[in-house]
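*Asks:* here's my sequence, what's the structure:
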Amino acid sequence: MRDFRQLKVWEKAHGLSLAIYKATATFPQQELFGLTSQLRRAAVSVPANIAEGCGRSGEPELARFLRIALGSASELEYHIILSTDLCYLNKSVSQQLFKQVTEVKRMLTSLIQMLTAEG
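*Replies:* I've put the predicted structure just below:
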């Protein structure tokens, strides 16, 4: 069992979740149960799956949960695109979120590759 809080990718994913919550705070009220909720759930799913994988036994289980986290990060990326196209996010906020999600996806991919190469 690993301490997920010691993983840099978890730290970055947690920071991304906080940024998504901040960015969606200004979304229209009618989106509360729609796009706002989808963005927040996808964002929170990334660090949550990293944490859950760390609580499982063995590298293959951790790699499986990291893949789920990677899928959630890709979903989040799409929701950011949609939010930008709907003019709910301005370009500078959108670009910062894209930068963060891209970094998390790269880190997840590297960690998955490392774990599967060892296994």
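
*Asks:* point out where the chain drops to low pLDDT.
*Replies:* Within the chain, the stretches with pLDDT under 70 are 118-119.

*Asks:* hey, where'd the helices end up in it?
*Replies:* For the chain, applying DSSP state H gives helices covering 8-24, 35-54, 59-85, 91-118.

*Asks:* what's in contact with the first one?
*Replies:* It refers to helix 8-24. 4-5, 35-36, 39-40, 43-44, 46-47, 50-51, 54, 69, 73, 76, 83, 88-89, 93, 96-97, 100-101, 103-104, 107-108, 111 (C-beta atoms under 8 Å, 6 or more residues apart in numbering). In short, each C-beta sits where N, CA and C put it, glycine included.

*Asks:* ok so, going back, so of the helices of the chain, which one's packed in deepest?
*Replies:* Ranked by mean neighbour count, these are led by helix 35-54 with a mean of 21 (mean count of other C-beta atoms under 10 Å).

*Asks:* how much does that helix deviate in direction from helix 8-24?
*Replies:* Put simply, helix 35-54 runs at 170 degrees to helix 8-24, going by axes from the mean of the first three to the mean of the last three C-alpha atoms, to 10 degrees.
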